[in-house]
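1. Sharing a sequence plus its predicted fold:
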Amino acid sequence: MNEIFENLYDMTAFSNIIAEPQFLIMYAIAFVLLYLGIKKQYEPLLLVPIAFGVLLANFPGGDMGVIQADENGMVMVNGVWKNIWEMPLHDIAHELGLMNFIYYMLIKTGFLPPIIFMGVGALTDFGPMLRNIRLSIFGAAAQVGIFTVLLVAILMGFTPKEAASLGIIGGADGPTAIFTTIKLAPHLLGPIAIAAYSYMALVPVIIPLVVKLLCSKKELSINMKEQEKKYPSTTEIKNLRVLKIIFPIVVTTVVALFVPSAVPLIGMLMFGNLVKEIGSNTFRLFDAASNSIMNAATIFLGLSVGATMTTEAFLNWTTIGIVIGGFLAFALSIAGGILFVKAVNLFSKKKINPLIGATGLSAVPMASRVANEIALKYDPKNHVLQYCMASNISGVIGSAVAAGVLISFLA
């Protein structure tokens, strides 16, 4: 009878969890991410599948975790080293499991992040940025966090490729962070993806914190509409629809000429936006890009990225450094945009609310909504949403270009 109970006990995961209690830490992380996604509604479309992927990967014996290949693509399969890229697809699925199949075929090849960017482009309206084009410069200024943390990370002992993957978290763009890490430091994909999406979800917490530290009540009360009345713009857009169609074509061409490595992200972003702006003739393409294709890509991306978060990959000092460095990059990007607005205001009669600089991140449209809520607390009539969106949308382009620059120099 005792032998039967012992066999039953060994059949469960309890014996493994008791022997290796670090699994409990991973469960706690998964539950916290699920709480943020479900209860707090912070980026639920990605935090929920990522969190569930973490949960699946850390159940002993479930074989749902992603096995990381070395720099040469070699993985251990049943005690034998094999090249993951030379294995037939059915062998990957049969011998390594579903998550490894998704990860190596869809994620590590770099396929899914551009697909998600296509969906983001289809859901993005560049109108606010084009109507307030002068504010788009703050999207570039906010990328300072990426390069600052890159230098700090190198000084801390990270390799240049690892440091670049860490710094890109400051762009506040999950797909960009994943794409960059896949190209430069794939062994860090799990913790970097978790950090990137977690901090994106915490935008409603981080932006107010940085704004409170750097901005005065007088600055936050600057009313952009009143400034427009006092100092009206001399530039008038006569045909916004035509401009919105031309814009993605021009941007793709320019980026392709100067930063070719950014084309997979920028090109797909602009293609998605183009089929949206053309109208009824490409509605079916727009509908597929913004709904079914993007939703499927998001599910696969989230689950498989979460599945890379095994105890071996996550519970180490490198991951702790990534979490700390990611927060620093995020905060510095927000601060960089704010400080640049302050600098511009010193030399300009037409004042700009620093909240516009704080939204130079890629977290669209959450960052703009958060900034607008802050502005309304100081002045119930001060709606800055459309102005923040100009900076916010340009931040998407800026972070993707920054990623392309890093990949060009380091890959």
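-> In hand now; what should we look at? Numbers count the residues shown, from 1 in each chain.
2. neighbouring contacts of stretch 202-222?
-> 36, 42, 172, 199, 327, 330-331, 334-335, 338-339, 342, 351-355, 358-359, 361, 363, 366-367, 370-371, 374-375, 378-379, 382 (CB atoms under 8 Å, 6 or more residues apart in numbering). (Glycine included, C-beta is placed from N, CA and C.)
3. Inside helices: which ones of these?
-> 36, 199, 327, 330-331, 334-335, 338-339, 342, 354-355, 358, 366-367, 370-371, 374-375, 378 (DSSP state H).
4. List only those of those flagged as buried.
-> Buried by 16 or more other CB atoms under 10 Å: 36, 199, 327, 330-331, 334-335, 338-339, 354-355, 358, 366-367, 370-371, 374-375, 378, out of the ones in helices among the contacts of stretch 202-222.
5. show me the contacts for K351.
-> Applying CB under 8 Å, 6+ apart, the residues contacting K351 are 222, 227, 345.
6. Would you list the phi and psi of it?
-> phi -80, psi 150 (degrees, to the nearest 10).
7. pLDDT score assigned to it?
-> Listed pLDDT for K351 reads 91.
8. Nearest the geometric middle of this structure, what residue?
-> G174 (1.5 Å; CA atoms, centre = their mean).
9. Compare the contacts of K351 and tell me which has the most neighbours.
-> I222 (22 neighbours; other CB atoms under 10 Å).
10. hang on, that one in a strand?
-> No - read with DSSP: H, G, I helix; E, B strand; the rest coil, I222 is coil and lies in no strand.
11. What does it show for phi and psi?
-> Dihedral angles for I222 - degrees, to the nearest 10 - are phi -60, psi 120.
12. Surely T234 is in a strand?
-> No - counting by three-state DSSP, T234 is not part of a strand but coil.
13. Quick check: phi and psi on it?
-> Per degrees, to the nearest 10, the backbone of T234 is at phi -90, psi -10.
14. cool, M76 as well?
-> According to degrees, to the nearest 10, M76 has phi -90, psi 120.
15. Identify the bridge partners of it.
-> For M76, the beta-bridge partners are W81 (DSSP bridges).
16. Against D379, how distant is it?
-> 61 Å (CB to CB, to the nearest Å).
17. Between those two, which has more neighbouring residues?
-> D379 (16 against 11).
18. That one and K225 touch, don't they?
-> No - D379 is beyond contact range of K225, at 10.6 Å (criterion: CB atoms under 8 Å).
19. Surely T252 is in contact with L265?
-> No - using CB under 8 Å as the test, T252 is too far from L265 to be in contact (10.7 Å).
20. So between those two, which is more surrounded?
-> Between T252 and L265, counted using other CB under 10 Å, the more crowded position is L265 (31 against 20).
21. what are the ranges of the helices in the stretch 51-200 of the chain?
-> Per DSSP state H, counting those that start in this stretch, the stretch 51-200 of the chain carries helices over the ranges 89-91, 98-102, 112-123, 127-131, 137-141, 144-155, 160-167, 174-184, 189-201.
22. correct me, but the residue nearest to the centre of the chain touches A196?
-> Yes - look at G174 against A196 with CB under 8 Å: they come within range, at 5.0 Å.
23. Under the pLDDT cut-off, which ranges of this structure? List them.
-> 1-3, 5-11, 13, 15, 61-62, 71 (pLDDT under 70).
24. So which bits of stretch 58-67 are buried?
-> 58-60, 64-67.
25. do the same with stretch 293-304
-> Here stretch 293-304 shows 293-294, 297-298, 300-304 as buried, counting by 16+ other CB under 10 Å.
26. if I look at S292, how far off is A122?
-> Taking CB to CB, one finds S292 at 12 Å from A122.
27. Please identify which of those two sits among more neighbours.
-> Neighbour comparison, S292 and A122: the larger count goes to A122, with 26 against 11 (by other CB under 10 Å).
28. tell me the contacts of the more buried one?
-> 272-273, 275-276, 286, 289-290, 294.
29. swap the cut-off to 7 Å and go again
-> 272-273, 275-276, 286, 289-290 (CB atoms under 7 Å, 6 or more residues apart in numbering).
30. from those residues, which ones fall inside helices?
-> Per DSSP H, the contacts of A122 map to helices at 272-273, 275-276, 286, 289-290.
31. Only the buried subset of the residues you listed, as a ChimeraX command please.
-> Buried residues within these, by 16+ other CB under 10 Å, are selected in ChimeraX with:
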select :272,273,275,276,286,289,290
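32. can you count the residues close to T310?
-> The burial count for T310: 19, using other CB under 10 Å.
33. whoops, K229 was the one
-> Counted with other CB under 10 Å, K229 comes out at 9.
34. got it, and K40?
-> 14.
35. May I have the phi/psi pair for it?
-> Per degrees, to the nearest 10, the backbone of K40 is at phi -80, psi -10.
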